[in-house]
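S.K.: Provided below for reference: sequence and predicted model.
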Amino acid sequence: MSKGCGTKKKLPPDKAMESFDDGVMGEVKLLFNKVRAYSPPPGAEWRLPDPSVVLCHQPSSHPHLQALKQSLNEVKNQLSDKDLAVWHQHTCSTNRAGTVTAHLRGAVNAELCTQAWAKFYEILGTFDLLPQTALQIGELNSVHLCEAPGAFIAALNHFLQTSGLHCDWNWVANTLNPYHEANERNSTIADDRLIAHTLPWWFFGSDDTGDIMLQKHLLELQGFVGNMHNVDLVTADGSFDCQGDPGEQESLVAPLQYCETVCALLLLGPGGSFVLKMFTLFEHSSVCLLFLLVCCFSSVHIFKPATSKSGNSEVYVVCLGYKAKEVVRPLLSKLIRNYGPDIASKAAMFPNSSIPDSFLKQHEEICTFFHSLQINTIQENLQLFNTMSDEHRRRLDKLRECAAQSYIQRFQVQFLPRKRWVCRGGPMNWGKPCQRKQMGSFNQRKEIKFQQWRQRLAQGPYWTWIEEHCQGVEGHGVVLNGPLIEGDLDAWFTRVGSALPKVCSSTFCDQDLLDLLNEALEEGALFPPGQRCAKKTAACCSCSFQSPESILTEFCQSLNVTSCVLVGNPAWQKIHLSENVPQLQFCVGPSYPQVFVSTLYDGHPDDQQQLLSGLLAALRGLVKGSTLVVPFCSALTRFTASLILALHLCFHSISFRCPSAGPPAVLVCGGFSVFPRVFTVLQEVLEEMKGLEHGRQLLQFAPMEDLTRGALPDFLTSFNNTVMRQQLHILMQTGQGR
């Protein structure tokens, strides 16, 4: 909290707090005081080393710190046989601050009230994080790195709106783009509830990935915030999924922390603040990074929020009073030249000889303090795992209740009406499902990791659902009714980025199915790199597919069709239909194999261009009421989702079927309604695609707001899930993915 600078009305003391005994109150007080600071010895000053020694020496090992690491990992190893879901439930029940977020949601109407929200509001309430100069001139500018889903932004908004700090607040955020299909799920936050409403404020860079560890994005971000007079606050809440190797979390995340720090030093103005999430601080990379920060800021604190689970390694480095770029400029240029994800393979930032003994001694004391807190919590949780008495449970409940009420009082958190949220009171129902939860113990997950994909699939929770695909009813009852009357085509725009190497994630499917399909294709490795078509693919003999004839007959008769145009599928030209079915017309389009042989699916730019070209030719030849049949490999990408949205504007109904020959699926679009503006937009998109340089791809041309609204996302999810279940079943049965 920027103490003394606002007119925040003090909340009256909570009389309920008087019911807690001194022991409970004392323990809760300690919960909110897990903080240590670095301070140079009297009469001394810590200075940055000469740039000539930077990134020139091998990393050092600090014996005392490595001993702390070893002892912590020995305690953590006792958790290796614990089922993660069961252990998580247990530690949530013992977490003293475990009910704070629920209390905040009910009492103060906090937007996007997650644990991250509570942690950052706690940081705001504990430190003078907002620079005095910014508050005095009435303008605050903040940049939030690795920010998804946006809880720090929501917390800062709540703080500003309820603290009487009347200032113009401008913010920019960065994160790995949750909509970019090449971003791996283990490093991407899927929750887009706030992002979807505030996309213009999010920086994803020229390749649209949002990867802040790319040097070009560092420099582009500097331009993106160029309209800010002075950047007053940078937060960095980034991490990776390290559950595969939890003992090396610090080393795995170190390159990201390096990039976040260099970015902050480049962007911040004089007097600015920086908040960086770190974990254990035992490695030489962490020693160097923290020494860099204490030399660049007036004060640096290591803080463990009460609302950060005590048993994990997470801490926040709170840096106040940036000494301006002049102090760090000679060093900063060298740090920027070495910026990137491979920094861990390079030399240490500073040689050990450049780190003062006084700093290293303080650092070891700080590490020892937080090491003890974490070990004590893990050992207590282990002790209580199977032997918690009723008396201990009652005391824990008292502590949790006291902590929740103390949080409200301590940080003076007040109610905020929905109309003053970041999202201005709009509905927040677009969010994708949360990340998949790791199941089983660490040892079990380690064992599963070395299994063949067939074993993982057959023994996993998805196999029963996948087997249901062979009943031959896919697509029946799933209809996208139209034509869509909402949709401002003047607001549509194209988004171009680097060509997709692979489809790793999608907004429009069950992500676990996509992961399983990727694993099946990658472990199969039947086809040479770059080969996207199989010469011959075998259908699954146990599956029931509709023939092309029955699909066309069904729709032509049910829709009373007088004209039917088919895009692509040359083999379908030989179809013999009954006399009461209209003659088919054919337009050239992409030819897809029946079985996937690539991890690109519908993401290959050549196929996308062929599909769009064929669609345009077909649409121009349609008359009112016509039916259009289009082959689709899948609709996982924003590009193909945009195409289906365009069709949604032109047809009374869109259904899909999985044929016994040809592509994995076809869309059947019935009841054409002329919409000339759609033709113009699609033609402009096609021309732009043709003009792109090698290595670039048109990723999207309809806004995410339109792609995630109404019935479209559910239709796309049903379509993609059906296709992927079909593909997994065929690969499993025919040995394609062996």
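M.R.: Ah, there it is. All values reported here derive from a predicted model rather than from experimental measurement.
S.K.: quick one: buried residues of the helix of greatest length in the chain?
M.R.: Criterion DSSP state H: the longest helix present in the chain is helix 357-384. Within helix 357-384, the residues scored as buried using 16 or more other C-beta atoms under 10 Å are 359-360, 362-364, 366-367, 370-371, 373-375, 377-378, 381-382, 384. C-betas here are computed from N, CA, C, even on glycine.
S.K.: one more: stretch 59-71?
M.R.: 59, 62, 65, 68-69.
S.K.: and for stretch 323-339?
M.R.: 327-328, 331-332, 335-336, 338-339.
S.K.: listing partners with orientation, what would you give for the lengthiest strand in the chain?
M.R.: Longest strand in the chain, counting residues (DSSP state E): strand 268-278. Neighbouring strands of strand 268-278 in its sheet, by DSSP bridges, are strand 231-236 (parallel), strand 315-322 (antiparallel).
S.K.: confirm that residue 144 sits in a helix.
M.R.: No: secondary structure of residue 144 (DSSP: H, G, I helix; E, B strand; the rest coil): strand, not part of a helix.
S.K.: quickly list what it is bridged to.
M.R.: On the basis of DSSP bridges, residue 144 is bridged to residue 173, residue 235.
S.K.: low-confidence regions, the protein specifically.
M.R.: By pLDDT under 70, the low-scoring segments of the chain are 1-16, 244, 425-450, 469-475, 486-487, 524-545, 569-571, 573-574, 576-581, 734-738.
S.K.: buried set for the helix or strand just after the longest helix of the chain?
M.R.: Downstream of helix 357-384, the next assigned helix or strand under DSSP states H and E is helix 390-410. The neighbour-count check on helix 390-410 (16+ other C-beta under 10 Å) flags 396, 398-408, 410 as buried.
S.K.: likewise for stretch 546-565?
M.R.: Using 16+ other C-beta under 10 Å as the test for burial, stretch 546-565 gives 546, 548-549, 551-553, 555-556, 559, 561, 563-565.
S.K.: could you do stretch 180-200 as well?
M.R.: Buried residues in stretch 180-200 (16+ other C-beta under 10 Å): 180-183, 185, 188-198.
S.K.: now flag whichever of those is closest to residue 603.
M.R.: residue 181 (5.9 Å; C-beta to C-beta).
S.K.: so residue 315 makes contact with residue 281?
M.R.: Yes: with contact defined as C-beta atoms under 8 Å, residue 315 counts as touching residue 281 (7.5 Å).
S.K.: who touches both of those two?
M.R.: By C-beta atoms under 8 Å, 6 or more residues apart in numbering, residue 315 and residue 281 have these common neighbours: 302, 370.
S.K.: how about the nearest residue to the spatially most central residue of the chain, chain neighbours excluded?
M.R.: When the chain is reduced to its mean C-alpha position, the closest residue under C-alpha atoms, centre = their mean turns out to be residue 189, at 1.9 Å. The spatially closest residue to residue 189, leaving aside those adjacent along the chain, is residue 148, at 3.7 Å (C-beta to C-beta, 6 or more residues apart in numbering).
S.K.: ok, the closest residue to residue 94 other than its chain neighbours - contacts?
M.R.: Spatial nearest neighbour of residue 94, chain neighbours left out: residue 381 (5.7 Å); criterion: C-beta to C-beta, 6+ apart. Residues near residue 381 by C-beta under 8 Å, 6+ apart: 90-91, 94, 311.
S.K.: farthest-separated two in those?
M.R.: Greatest spacing in those, by C-beta to C-beta: 90 and 311 (10.3 Å).
S.K.: looking at these two, which has the bigger crowd around it?
M.R.: Taking neighbours as other C-beta atoms under 10 Å, residue 90 and residue 311 compare with residue 311 leading, 23 against 18.
S.K.: how about that one, what does it touch?
M.R.: 91, 374, 377-378, 381.
S.K.: hang on, the earlier thing: in a markdown table: the buried residues of helix 390-410, plus distance to residue 294.
M.R.: Listed next are those as a markdown table, based on distance: C-beta to C-beta, whole Å:
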| residue | distance to residue 294 |
| --- | --- |
| 396 | 38 |
| 398 | 39 |
| 399 | 34 |
| 400 | 36 |
| 401 | 38 |
| 402 | 35 |
| 403 | 31 |
| 404 | 34 |
| 405 | 36 |
| 406 | 31 |
| 407 | 29 |
| 408 | 33 |
| 410 | 27 |
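S.K.: so which of these comes closest to residue 418?
M.R.: Nearest to residue 418, judged by C-beta to C-beta, of the buried residues of helix 390-410 is residue 408 at 19.0 Å.
S.K.: can you list the domains in the protein?
M.R.: What automatic domain parsing lists as the domains of the chain is 56-345+360-420, 477-506+546-713.
S.K.: quick one: which of these is nearest residue 725?
M.R.: Taking C-beta to C-beta, domain 477-506+546-713 is the member of these nearest to residue 725, at 9.7 Å.
S.K.: and the closest one, end to end?
M.R.: Counting by C-alpha to C-alpha, to the nearest Å, you get 16 Å between the two ends of domain 477-506+546-713.
S.K.: how far away from the center of its chain is it?
M.R.: Mean-position distance between domain 477-506+546-713 and its chain equals 28 Å (C-alpha atoms, centre = their mean, to the nearest Å).
S.K.: before we move on, what about stretch 410-420?
M.R.: With C-alpha atoms, centre = their mean, you get 27 Å for stretch 410-420.
S.K.: the chain should start at 84 in everything you say after this.
M.R.: Yes, from this point I'll number from 84; that puts the last item at stretch 493-503.
S.K.: and that stretch, how far apart are its ends?
M.R.: 23 Å.
S.K.: in it, what's buried?
M.R.: Across stretch 493-503, burial judged by 16+ other C-beta under 10 Å covers 493-497, 499.
S.K.: got JSON lines for those residues, with distance to residue 124 too?
M.R.: Shown next, in JSON lines, are the buried residues of stretch 493-503 (distance: C-beta to C-beta, whole Å):
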{"residue": "493", "distance to residue 124": "32"}
{"residue": "494", "distance to residue 124": "33"}
{"residue": "495", "distance to residue 124": "36"}
{"residue": "496", "distance to residue 124": "38"}
{"residue": "497", "distance to residue 124": "42"}
{"residue": "499", "distance to residue 124": "44"}
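S.K.: of those, closest to residue 341?
M.R.: Nearest member of the buried residues of stretch 493-503 to residue 341, counting by C-beta to C-beta, is residue 494, at 31.4 Å.
S.K.: now the closest one. Nearest residue, chain neighbours left out?
M.R.: Residue 494 sits nearest to residue 208 (C-beta to C-beta, 6+ apart), 3.5 Å away.
S.K.: what number of residues lie near the one you found?
M.R.: Residues lying near residue 208 (other C-beta under 10 Å) number 19.
S.K.: what do you get for the one 3 residues further on?
M.R.: Residue 211 is surrounded by 17 other residues when neighbours are defined as other C-beta under 10 Å.
S.K.: and it, how far from residue 375?
M.R.: 22 Å (C-beta to C-beta, to the nearest Å).
S.K.: also residue 288?
M.R.: To residue 375, residue 288 is 25 Å away according to C-beta to C-beta.
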